[in-house]
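> quick one, fold the following:
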Amino acid sequence: MNTSIFQNAIRPIAAGTLALTLGLGLAGAAQAKDGAQDVRTVVAQGIDKTLRLPNPLDGARRGIATVAVTIDGKGEVRSADIVRSSGWHDYDREALRTTRSISYPATGKTSSIVMVLGFNKEVTTDMQQTAKQQFLAWRQEQRVRLANSNEAQQPDS
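Residues are numbered from 1 along each chain as shown. Model prediction:
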């Protein structure tokens, strides 16, 4: 069973987080720019159609991969990164492939979505909350690395 939960962490982070549990229904609505499509519904359908076990006969291994995806205002994926590994290289690779392959509605603004993808393991609300904290820590770490990289490239005065 593949399940996923994702949260929308709009830059800057909005006061509330949007959550989805596939197979258990939707909570709230985040509308695309034209109002025609619910962002979460579109993403959930994309995940349902795309996410698969790398080896369909492998029902014994279980894993949860947390992925951060940055989408521009046109719905194009700008980056996808593993925030927390599932512990299995092929599951992580499938999580990245899935998040890069699905369609995202144009919202008119750049946003980051953190997705929790389960492989033979149900994703819980606690995992969702943990993923949010992992994403925030990961994003801060990325900012520090970028600042350090930029600082290292500055000529000495």
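
> just to be sure, Tyr104 is in a strand?
No - Tyr104 is assigned coil when assessed by DSSP: H, G, I helix; E, B strand; the rest coil, not a strand.

> quick one: it from Asp38, how far?
Tyr104 sits 12 Å away from Asp38, taking Cβ to Cβ, to the nearest Å as the criterion. Just so you know, the C-beta spots here come from the backbone N, C-alpha and C atoms, and that holds for glycine as well.

> same deal with Leu96?
When distance is defined by Cβ to Cβ, Leu96 is 24 Å away from Asp38.

> shaky segments in this structure?
Applying pLDDT under 70 to the chain flags the ranges 1-37, 154-157.

> helices of that one, residue ranges please.
Ranges of helices in the chain, per DSSP state H, are 39-50, 89-101, 125-153.

> for the first one, packing partners?
Looking back up the chat, that one is helix 39-50. strand 2-10, strand 18-21, strand 25-26, helix 89-101, strand 111-119 (3 or more Cβ pairs under 8 Å, 6 or more residues apart in numbering; DSSP states H and E).

> buried residues in that helix?
In terms of neighbour count (16 or more other Cβ atoms under 10 Å), helix 39-50 has its buried residues at Val39, Arg40, Val42, Val43, Ala44, Gly46, Ile47, Thr50.

> dump that helix to PDB, keeping only the CA atoms.
Coordinates of each C-alpha in helix 39-50 appear next as PDB, following Å, rounded to 0.1, in the frame of the first residue of the first chain:
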ATOM      1  CA  VAL A  39      -4.100  22.100  -5.700                       C
ATOM      2  CA  ARG A  40      -4.200  19.200  -3.200                       C
ATOM      3  CA  THR A  41      -6.600  17.200  -5.300                       C
ATOM      4  CA  VAL A  42      -4.500  17.600  -8.400                       C
ATOM      5  CA  VAL A  43      -1.300  16.600  -6.600                       C
ATOM      6  CA  ALA A  44      -3.000  13.700  -4.800                       C
ATOM      7  CA  GLN A  45      -4.300  12.300  -8.100                       C
ATOM      8  CA  GLY A  46      -0.800  12.700  -9.600                       C
ATOM      9  CA  ILE A  47       0.700  10.800  -6.700                       C
ATOM     10  CA  ASP A  48      -1.900   8.100  -6.900                       C
ATOM     11  CA  LYS A  49      -1.300   7.600 -10.600                       C
ATOM     12  CA  THR A  50       2.500   7.800 -10.400                       C
END
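
> tell me what angle it forms with helix 89-101.
130 degrees (axes from the mean of the first three to the mean of the last three Cα atoms, to 10 degrees).
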